[in-house]
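Enquirer: Generate coordinates for the sequence data below:
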Amino acid sequence: MPDELGADLEHDPARGVRISELRRELCDSLAGISPQQAQVVVLKDALGYSFEEIAKAVDMPVGTAKCHAHRGRNRMRERLEDRDVA
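Expert: From the prediction side, this is the model:
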């Protein structure tokens, strides 16, 4: 897949710019939430861990992991929406 992405970006430089901008916005949004929330969001949404796996890996109850994911996602959404308005 990295080869396919590289080939796509080579033929569409504007897409590469959009991907870079999105990556920067996502990193900025992750930096704007608590470290625990960011950790859970990345493990769940980027790496595909289950809440049970996350709870075990970071030593927290499953309910706490779900709460961190919910609050973190909402805060990130708010930050990203604020950027779209500005």
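Enquirer: Would you map the helices across this structure?
Expert: 2-11, 13-31, 35-41, 51-58, 62-85 (DSSP state H).
Enquirer: got the CA positions of stretch 23-37 in PDB?
Expert: The C-alpha atoms that make up stretch 23-37 are tabulated as PDB, following Å, rounded to 0.1, in the frame of the first residue of the first chain:
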ATOM      1  CA  ARG A  23      -2.200  14.900   9.300                       C
ATOM      2  CA  ARG A  24      -1.100  18.300  10.900                       C
ATOM      3  CA  GLU A  25      -4.600  19.100  12.000                       C
ATOM      4  CA  LEU A  26      -5.100  15.700  13.500                       C
ATOM      5  CA  CYS A  27      -1.800  15.900  15.400                       C
ATOM      6  CA  ASP A  28      -2.700  19.400  16.600                       C
ATOM      7  CA  SER A  29      -6.100  18.100  17.700                       C
ATOM      8  CA  LEU A  30      -4.600  15.100  19.500                       C
ATOM      9  CA  ALA A  31      -2.200  17.500  21.300                       C
ATOM     10  CA  GLY A  32      -5.200  19.500  22.500                       C
ATOM     11  CA  ILE A  33      -6.800  16.700  24.500                       C
ATOM     12  CA  SER A  34      -5.500  15.000  27.600                       C
ATOM     13  CA  PRO A  35      -2.700  12.500  27.200                       C
ATOM     14  CA  GLN A  36      -5.000   9.600  28.400                       C
ATOM     15  CA  GLN A  37      -7.700  10.600  25.900                       C
END
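Enquirer: Buried residues, it. List them.
Expert: 26, 29, 30, 33, 36, 37 (16 or more other CB atoms under 10 Å). C-beta coordinates here come from the backbone N, C-alpha and C atoms, glycine included.
Enquirer: can you tell me how far the residue lying farthest from the centre of the chain sits from residue 24?
Expert: Distance from the C-alpha centroid of the chain peaks at residue 11, with 26.5 Å (CA atoms, centre = their mean). Distance, residue 11 to residue 24, by CB to CB, to the nearest Å: 22 Å.
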